[in-house]
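**Student:** just a sequence and a predicted model for now, questions to come.
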2 protein chains.
Amino acid sequence: MSADPAGISPAQARSRFRAGLRVPTAGWSAGHAQANLIAVPRDYAFELLLFAQRNPKACPVLDVLEPGNQSGPALPDGDIRTDLPAYRVYVDGELVAEPSDVLEFWTDDLVAFAIGCSFTFEAALQDSGVPVRHIEQGRNVPMYRTNRMCRPAGRMSGPLVVSMRPVAPEQVADAVRITSRYPSVHGAPVHVGDPAALGIADLAAPDFGDPVDIKPAEIPVFWACGVTPQAAVMQTRPPLAIGHAPGHMLITDLRDAELVVP
Amino acid sequence: MSADPAGISPAQARSRFRAGLRVPTAGWSAGHAQANLIAVPRDYAFELLLFAQRNPKACPVLDVLEPGNQSGPALPDGDIRTDLPAYRVYVDGELVAEPSDVLEFWTDDLVAFAIGCSFTFEAALQDSGVPVRHIEQGRNVPMYRTNRMCRPAGRMSGPLVVSMRPVAPEQVADAVRITSRYPSVHGAPVHVGDPAALGIADLAAPDFGDPVDIKPAEIPVFWACGVTPQAAVMQTRPPLAIGHAPGHMLITDLRDAELVVP
């Protein structure tokens, strides 16, 4: 393995994960978009796509594979069943396995969705001098269920899940301005300050991911999170659903630069 | 009827169409978004929504009603089966009727899509001093099938259809700049000049709508057109599909101002 995973191409990265490497993907294949994976049976695909269309900040669709297909423009030479470092398999909404590939679980009526990931805008924040605490601390981003319900679509419903990054007061405007240029990876924050207004009781106890340190005077800033569609799918309890293990994303051939609005 | 349909609210306009008024909607309910209607059976809805997601410039989805539903946020008090001034009904891809309501054709498994319409950005062009020829001439916009195929989705495939507006050379940049602020109503042009490159043999013979005068030195500018999804649906020949009659649009409660990108 080359010294720096940032310099590895998406196709090479997928090839290594296909061969069995199991590592978080933060920092891999710099400049290329990483994506949340959620695959559901064809019978649920319309409702999930409509849920995404109705809640675009939380569920920005980067690509959808044809029913049963294992590759597509986001991973042209790839296989969605093997090319992520780790998966989560849900049966009737219950987590049953966290394997390194899903060949034994995959069925031909599964439709795989690639949902945009905030890794893209975090790189832009750092490039612009806005520090990202959970990266500084080597942790997963803290994520919280909120009291805001997404607009449902048929059987698909659930709360908005948000990620939180503490930002210095003098950099909040920059953080808004920079992330708003990335609408296909969650875009601008949904909320600035006041966790209680979102129904979040304790920032130190996230529902997913890790807590991070918040310095005095820093403002907690909340972005819609790609865990939202997974939470909705879990709540809907389809007979089978496959997602990525947290932090173990699909590395796509899409370039971050393609996702920015000028 | 009040003297100026521009001042009539969307709910009032829909009420008049529901009562039987059959007129083109250009200029009605100024400031509110008008939409293309296309309704297909539930079995085709995922593929149509995916086709739209993959071809967002041609198929910007403003809203999708729940299967069998007749109202939704775009027409909160309304009935999609009666609230347009005129419809087109297709059986197995063939036009069979152009009625003022579709009560006798509607089935509970139809899913209605509201697709963004260039009326929104035409108002912005005119407000910015960029004349719109077909409005000046009191005609329907000229539309052309191109030699560019859309990215297909399952059974749904078809050519990109474009609308054309002639623009003075010194205003082409303005036309691009202004319309690019409206990504949910087709956004920036897909092509500037050279109809032959799009496979268009004769601008005076559009495939849909009316030809318009092009002055010497004016550049033909082409935008992705909301007829594209209808063309794909017709090519797919579902057992039943319902659209609007050309120029007889759904007037939604959405405001044009909500569709602009700052």
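**Tutor:** Cool, the structure landed.

**Student:** so who does A:Leu75 touch?
**Tutor:** A:10, A:14, A:83, A:250, A:252-253 (Cβ atoms under 8 Å, 6 or more residues apart in numbering or on different chains). Quick note: C-beta positions are derived from backbone N, CA and C, even for glycine.

**Student:** out of these, which is nearest to A:Ile178?
**Tutor:** A:Thr252 (21.2 Å; Cβ to Cβ).

**Student:** list the neighbouring strands of the helix or strand encompassing that closest one plus their orientation.
**Tutor:** When elements are assigned from DSSP states H and E, A:Thr252 belongs to strand A:250-255. Strand A:250-255 has its sheet partners listed here by DSSP bridges as strand A:32-41 (antiparallel).

**Student:** for the residue of the stretch 1-150 of chain A found nearest chain B, what are phi and psi?
**Tutor:** Closest to chain B within the stretch 1-150 of chain A is A:Phe46: 3.7 Å, counting by Cβ to the nearest Cβ. With angles defined as degrees, to the nearest 10, A:Phe46 sits at phi -60, psi -50.

**Student:** which residues does it contact?
**Tutor:** A:154, B:42, B:45-46, B:49, B:111.

**Student:** now the residue of the stretch 151-262 of chain A found nearest chain B. Nearest residue, chain neighbours left out?
**Tutor:** Of all residues in the stretch 151-262 of chain A, A:Gly154 sits closest to chain B, at 6.4 Å by Cβ to the nearest Cβ. Computed as Cβ to Cβ, 6 or more residues apart in numbering or on different chains, the closest residue to A:Gly154 that is not its neighbour in sequence is A:Glu47, at 3.9 Å.

**Student:** sec struct for the one you found, please.
**Tutor:** helix (DSSP: H, G, I helix; E, B strand; the rest coil).

**Student:** what ranges do the strands span in chain A?
**Tutor:** Along chain A, counting by DSSP state E, strands occupy A:32-41, A:61-64, A:87-91, A:94-97, A:110-116, A:143-149, A:159-167, A:191-192, A:219-224, A:240-244, A:250-255.

**Student:** A:Trp223 against A:Gly116, yeah?
**Tutor:** No. Contact criterion Cβ atoms under 8 Å: A:Trp223 and A:Gly116 do not qualify, at 11.3 Å.

**Student:** those two: which has the busier surroundings?
**Tutor:** A:Gly116 (29 against 25; other Cβ atoms under 10 Å in any protein chain shown).

**Student:** which residues touch that one?
**Tutor:** Here A:Gly116 is in contact with A:33, A:35-36, A:60-62, A:184-186, A:226, A:259 (Cβ under 8 Å, 6+ apart).

**Student:** what does A:Thr228 give?
**Tutor:** A:55, A:58-59, A:150, A:158-161.

**Student:** what number of residues lie near the nearest residue to A:Ala86 once chain neighbours are set aside?
**Tutor:** Distances taken as Cβ to Cβ, 6+ apart put A:Ala245 closest to A:Ala86, at 3.6 Å, once the chain neighbours are dropped. A:Ala245 has 17 neighbouring residues, counting by other Cβ under 10 Å.

**Student:** pLDDT score for A:Ala245?
**Tutor:** Per-residue confidence (pLDDT) for A:Ala245: 90.

**Student:** residue contacts, it?
**Tutor:** A:84-88, A:98.

**Student:** most neighbours of all those residues, which one?
**Tutor:** Neighbour-wise, the contacts of A:Ala245 (other Cβ under 10 Å) top out at A:Leu84, 30 neighbours.

**Student:** per-residue confidence for that residue?
**Tutor:** So A:Leu84 comes in at 97 (pLDDT).

**Student:** is it true that it touches A:Gly247?
**Tutor:** No. Taking contacts as Cβ under 8 Å, A:Leu84 lies outside contact range of A:Gly247: 10.8 Å.

**Student:** just to revisit the earlier point, of the contacts of A:Phe46, buried ones?
**Tutor:** Buried members of these, scored by 16 or more other Cβ atoms under 10 Å in any protein chain shown, are A:154, B:45-46, B:49, B:111.

**Student:** tell me the one of these nearest B:Pro24?
**Tutor:** So of those, ranked by how close each gets to B:Pro24 (Cβ to Cβ), first place is B:Val111, at 25.8 Å.

**Student:** nearest residue to that closest one in space, please, no chain neighbours.
**Tutor:** B:Ala45 (4.0 Å).

**Student:** and if you look at A:Pro5?
**Tutor:** A:Trp28 (4.4 Å).
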